[in-house]
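> Model the following, please.
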Amino acid sequence: MLFTPLQVGALTLPNRFVLAPLTRTRAGLEHLPNELMAEYYAQRASGGLLITECTMVTEGTSAFVAEPGVYSEAQIAGWKKTTDALHAKGGRIFMQIWHAGRAAHPDINGGARTVSSSALASDGEIHTPASKVPHAVPHALSVEEIKDIVAAFAQGAKNAIAAGFDGVEVHGANGYLIDQFLRDGCNQRTDAYGGSLENRARFLFEVLTAVSEAIGSDRVGVRLSPLNSYNSMIDSDPVGLTAYLAEKLNDFKLAYLHMMRADVFGVQKADVMTVARRNYKGMLIGNMGYNADEAAKAIQDGKLDAVAFGTAYIANPDLPERVNTGAALSTPDSSTYYTPGAKGYTDYPTM
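From the prediction side, this is the model:
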């Protein structure tokens, strides 16, 4: 089942392998996509759909020091190297557009203040170029500031299309800005963007509306992680949140819904995938810990339409070919996930 074609929005995928969005921090302090990144994505062109690492829609929102952006002409030109290389090999690629919210820090962003749904800092510390420091207490966004960020997402989507991408994935997961509105463990607002499910989802839906109007909803996906406690996130009712979002997302006619099925730290446990499948009528992509056999069975049983692979794709640029032939998979070197240069990035061999 992993090798059957699939219509996803405006694209026909030749197989059901999806490259999950993976932060790799190879864009340098200028947040500028480059030739090395183009090589990395082009190596994985045989996947049905590739999704890039999280990409900033506006400056001053870095959380990883060396992640890419898509808010300048230079970045658009830099990303064109990736899309040209990928399309030359017959691939398809979406850009994941993103705002870090309270996961960013002034020390990484030239003093720019950190923002979120509420003035509540993440637990723990963040790596900056100088040292590890506590997360900053964010500024709670005003309604006008929220509108500006919605517009930034729409412009980021336009810029992604200008850079040659086939579409965009709106990052609503993993404790970043949109997720900071969605989950009640972070969102303490009492205005139209806080409290009820309807209010907490308002920002996400405004972003999806603006992005869809900018580039067409059939070129827009969204990623959600209702269980993931990464970035100090939690929700009092993740199953209810999943059901509400999945049902309402039907109205947007998106290319797909991309769901993380678990919590990386195991804090919250629930079956959100069955709930998503029951309520969402469009294409559903599952992610987190699937091997090829489990992925194929989930697709065969109608539980999913495609599966996004993360660490397996890091070490196996020809993952579909290896699975198809039963070849052994290489093991990724986690020490090079976020280091600069080609080592552990573009030097994994094909079969």
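> Now do the helices in the stretch 201-350 of the chain.
Remark: helices assigned in the stretch 201-350 of the chain by DSSP state H, counting those that start in this stretch are 202-215, 238-249, 272-279, 292-300, 311-315, 319-325.
> May I see those arranged in a markdown table, with distance to L29 as well?
No exception for glycine: its C-beta is placed from N, CA and C like everyone else's. As requested, the helices of the stretch 201-350 of the chain are exported to a markdown table (distance: least, CB to CB, whole Å):
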| stretch | distance to L29 |
| --- | --- |
| helix 202-215 | 27 |
| helix 238-249 | 36 |
| helix 272-279 | 37 |
| helix 292-300 | 37 |
| helix 311-315 | 23 |
| helix 319-325 | 31 |
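> These: which one's closest to I93?
For the helices of the stretch 201-350 of the chain, the distance to I93 is smallest for helix 311-315, at 13.2 Å, taking CB to CB.
> mind listing what's buried in the closest one?
Using 16 or more other CB atoms under 10 Å as the test for burial, helix 311-315 gives 312-314.
> Dump these to a markdown table, plus pLDDT.
Putting the buried residues of helix 311-315 into a markdown table (pLDDT from 0 to 100) gives the following:
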| residue | pLDDT |
| --- | --- |
| A312 | 97 |
| Y313 | 98 |
| I314 | 98 |
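> So for A20, which of the helices of the stretch 201-350 of the chain sits nearest?
A20 sits nearest to helix 311-315 of all the helices of the stretch 201-350 of the chain, at 7.0 Å, using CB to CB.
> which residues touch that closest one?
Helix 311-315 is contacted from outside by 19-20, 22, 44, 47, 291, 319, 329-333, 337, 344, 348, using CB atoms under 8 Å, 6 or more residues apart in numbering.
> And the furthest pair within those residues?
N291 and G344 (21.6 Å).
> Who has more neighbours out of these two?
G344 (18 against 12; other CB atoms under 10 Å).
> list the contacts for the closest residue to that one other than its chain neighbours?
Leaving aside its chain neighbours, G344 sits nearest to T336 (2.4 Å; criterion: CB to CB, 6 or more residues apart in numbering). Applying CB under 8 Å, 6+ apart to T336 gives the contacts 343-345.
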